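Enquirer: Structure for this input, please:
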Amino acid sequence: MPSRVSVLAFFAGMLLSFAASAWSAPVPISIQMLYEPTSLDPHKATTREDGLVDLDLFEGLTSYSATGTIIPGTAQSWEASADGLVWTFHLRPDAVWSDGMPLEAEDFVYSFRRALSPGIVVPTNVVPVPILNAAEIIAGREKDPTKLGVTALDAHTLRVTLIKPMPFLPAALTDTTWMPVPRQAIEAWADKWAEPGHMVSNGPFTLKARAPESEIDLARNPRFHDAGSVWIDEVRHVLADDNSAALKRYAAGELDVIRALAKGDLPRLKRDHPDELRSYPQLAAIGFLINSDSPVGRDPRIGRALSLVIDRDELESKVIRLDQIPAYGVVPPGMPDYTVQRPDWAGLPMAERVAMAKNLLAESGVPTPLKIRVLVPKIDLFHLYAQAVFAMWHSALGVETEEEGGEPRVLIDQLIHHDFEVSIGQLGATVPDAWSVLSLFQSEEDNPGNYRNPEFDSLLDRSSRMASPAERRSLLQSAEKRLLDDQAVIPLSYVVSQMLVSPRVRGIEDSALGFHPSRFLSVSQEK
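Expert: Numbers count the residues shown, from 1 in each chain. Model prediction:
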């Protein structure tokens with residue numbers, strides 16, 4: 001996943017109201033999983049698939065609505081101090097775990113400390129929330145977990161103290177890092193607590209069964225605070241990593257929701273199944289992350305040369321053909337109060353760009369031919385992009401690429417340990433704010449690309465303290481320009497989500513963040 005961020009202010013409510021008797025009784029729903037999750041322990045989540053399943057199993061202080069806005073979760077309300085540094089969350093007095101034990105503020109204190117503790121914390125996965133002493137604890141400079149700025153004032157009141165203002169803290173706290181975990185189950189079962197029969201959770205569903213490399217089955221949690229509004233008795237997250245095969249299973253009624261389409265299928269689906277196709281822009285970008293400590297990343301001229309020769313329009317119109325939007329920046333269009341950034345050369349003819357790229361490589365003194373090792377997760381879309389770009393690099397610059405493929409949960413370990421030169425992936429926001437994307441490259445965070453630039457850090461830090469929206473926007477845009485000048489990442493496209501949803505499913509709304517909590521869905525009994 002990877003990767004993770006936060007988001008808006010939540011308005012809640014059940015968006016579904018059905019009069020027909022066919023919708024009167026809860027029934028199962030089967031949803032495509034693109035790859036096997038690494039862990040169902042929310043504090044060990046490393047991929048997007050982990051997070052999507054955990055979103056059904058657990059609920060943080062805040063949560064997501066059907067459209068991806070922020071709504072109250074285990075906390076029913078909250079307020080911040082005048083200086084924005086002290087936040088007080090008021091938990092639901094009737095909040096309980098799925099085993100019936102009360103869920104109280106001390107559970108969040110325990111969980112926050114555990115999430116950042118040695119042996120659990122993966123610094124590259126932690127959403128950068130400036131909680132007092134969090135960075136020091138993660139780095140090992142502070143050994144006392146009680147120094148973390150999280151305190152239970154009483155059974156139902158939690159105080160979170162920050163070192164600098166974060167206006168969208170409630171959105172950031174939706175991330176799996178900040179979800180509560182059950183101390184009673186962890187102490188009883190240790191590392192096996194997140195397995196069927198042992199897991200205790202607090203979300204709309206509980207873990208019923210798990211068949212590795214096949215399916216994860218969830219059952220409705222009758223103790224969830226809003227259980228009466230959950231229409232589905234069972235959610236089946238079904239592994240279907242071959243998108244063409246997944247489409248056949250969809251046609252056979254084995255899958256209700258397809259989350260990714262195969263190359264070439266979109267035109268036919270637009271023609272034959274327009275009412276089942278869901279297409280909307282997502283606050284995410286696909287691109288190549290460059291390890292700044294690798295031979296490719298040590299000289300920005302190399303990354304810039306590689307970016308220059310990519311024909312993004314041809315890539316989308318002739319290769320991918322999924323209506324994705326060509327990208328030159330990392331912050332996607334649709335981000336509130338932000339202007340999409342593009343390098344000056346983006347509008348130049350390709351012949352001129354190729355000439356510039358050759359000059360940059362010559363100036364860098366890189367050996368010829370340039371050889372690059374690229375991590376490509378076993379995901380159809382990433383493989384398509386990679387192969388097309390590799391051909392462009394070779395044709396224009398003679399670049400030789402060595403593709404290192406594998407399951408995302410395997411390759412994620414290489415990202416965590418910076419054992420790569422270049423890696424393709426998706427950079428998505430979990431908060432509709434440009435800071436949420438750019439903050440992933442801060443030097444104070446253990447970011448996967450090892451990007452370090454004091455000017456970039458300063459721009460981000462100043463933006464978080466700026467009261468004027470216009471001045472804050474200007475600083476964030478300057479930070480993105482700095483990031484692109486350093487070529488820490490090579491953007492390829494802005495994501496347009498393409499889903500296929502069975503006519504018997506209701507409740508899947510356009511969500512800029514790409515989250516569709518199962519608690520808001522309803523399924524007809526009629527196939």
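Enquirer: show me what contacts I216?
Expert: Listed by Cβ atoms under 8 Å, 6 or more residues apart in numbering, the contact partners of I216 are 33, 37, 40, 53, 207, 209-210, 236-237. Using the backbone N, CA and C atoms, a C-beta is placed for each residue, glycine as well.
Enquirer: Now list the buried members of those.
Expert: 33, 37, 40, 53, 207, 210, 236-237 (16 or more other Cβ atoms under 10 Å).
Enquirer: Skipping adjacent residues, who's closest to A227 in space?
Expert: Of all residues not flanking A227 in the chain, N221 sits nearest, at 6.4 Å (Cβ to Cβ, 6 or more residues apart in numbering).
Enquirer: pretty sure the one you found is in contact with S98, am I right?
Expert: Yes. N221 is within contact range of S98, at 5.3 Å (criterion: Cβ atoms under 8 Å).
Enquirer: shared neighbours of those two, anything?
Expert: Taking Cβ under 8 Å, 6+ apart as the criterion, N221 and S98 both touch 201-202, 206.
Enquirer: Tell me the one of these nearest T176?
Expert: T176 lies nearest to S201 out of the shared contacts of N221 and S98, by Cβ to Cβ, at 12.1 Å.
Enquirer: Narrow the contacts of I216 to those in strands?
Expert: Among the contacts of I216, the members found in strands (DSSP state E) are 33, 207, 209-210, 236-237.
Enquirer: Please, where are all the helices along the stretch 101-250 of the chain?
Expert: 105-115, 134-139, 169-172, 183-189, 243-251 (DSSP state H, counting those that start in this stretch).
Enquirer: Just say which of those helices is most tucked in.
Expert: helix 169-172 (a mean of 26; mean count of other Cβ atoms under 10 Å).
Enquirer: For it, give the mean pLDDT please.
Expert: The average pLDDT within helix 169-172 is 92.
Enquirer: And for stretch 405-418?
Expert: 82.
Enquirer: buried set for it?
Expert: In stretch 405-418, counting by 16+ other Cβ under 10 Å, buried: 407-409, 411-412, 414-416, 418.
Enquirer: how many neighbours does K164 have?
Expert: 11 (other Cβ atoms under 10 Å).
Enquirer: Let me know the pLDDT of it.
Expert: Value listed for K164 in the pLDDT field: 88.
Enquirer: what residues are up against the residue nearest to it when sequence neighbours are not counted?
Expert: Among residues not flanking K164 along the chain, P130 sits closest, at 5.0 Å (Cβ to Cβ, 6+ apart). Counting by Cβ under 8 Å, 6+ apart, P130 touches 162-164, 166.
Enquirer: my read: A479 touches S464, true?
Expert: No. Using Cβ under 8 Å, A479 is not in contact with S464; the gap is 10.9 Å.
Enquirer: Which one's more surrounded, those two?
Expert: Between A479 and S464, counting by other Cβ under 10 Å, A479 is the more crowded of the two (28 against 17).
Enquirer: Name the helix or strand for the closest residue to the more buried one other than its chain neighbours, please.
Expert: Leaving aside its chain neighbours, A479 sits nearest to L459 (3.9 Å; criterion: Cβ to Cβ, 6+ apart). Assessed by DSSP states H and E, L459 sits inside helix 454-464.
Enquirer: other SSEs contacting that helix?
Expert: Counting contacts by 3 or more Cβ pairs under 8 Å, 6 or more residues apart in numbering; DSSP states H and E, helix 454-464 packs against helix 434-438, helix 469-485.
Enquirer: weakest of those by average pLDDT?
Expert: helix 434-438 (a mean of 90).
Enquirer: Show me what that one is packed against.
Expert: helix 454-464, helix 469-485.
Enquirer: quick one: contacts of that helix?
Expert: 5-7, 168, 172, 283, 330-332, 335, 338, 427, 429-430, 460, 463-464, 473, 476-477, 479-480, 483.
Enquirer: send the alpha carbons of stretch 211-224 over as PDB?
Expert: Provided in PDB are the C-alpha atoms of stretch 211-224 (Å, rounded to 0.1, in the frame of the first residue of the first chain):
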ATOM      1  CA  ALA A 211      -8.000 -19.000   2.700                       C
ATOM      2  CA  PRO A 212      -4.500 -17.900   1.700                       C
ATOM      3  CA  GLU A 213      -4.200 -16.900  -2.000                       C
ATOM      4  CA  SER A 214      -7.900 -17.200  -2.400                       C
ATOM      5  CA  GLU A 215     -10.400 -15.400  -0.200                       C
ATOM      6  CA  ILE A 216     -11.000 -13.500   3.000                       C
ATOM      7  CA  ASP A 217     -14.500 -13.800   4.400                       C
ATOM      8  CA  LEU A 218     -16.000 -11.200   6.800                       C
ATOM      9  CA  ALA A 219     -19.300 -11.400   8.800                       C
ATOM     10  CA  ARG A 220     -21.400  -8.500  10.000                       C
ATOM     11  CA  ASN A 221     -20.500  -7.400  13.500                       C
ATOM     12  CA  PRO A 222     -23.700  -7.100  15.600                       C
ATOM     13  CA  ARG A 223     -21.800  -5.100  18.200                       C
ATOM     14  CA  PHE A 224     -20.800  -2.300  15.800                       C
END
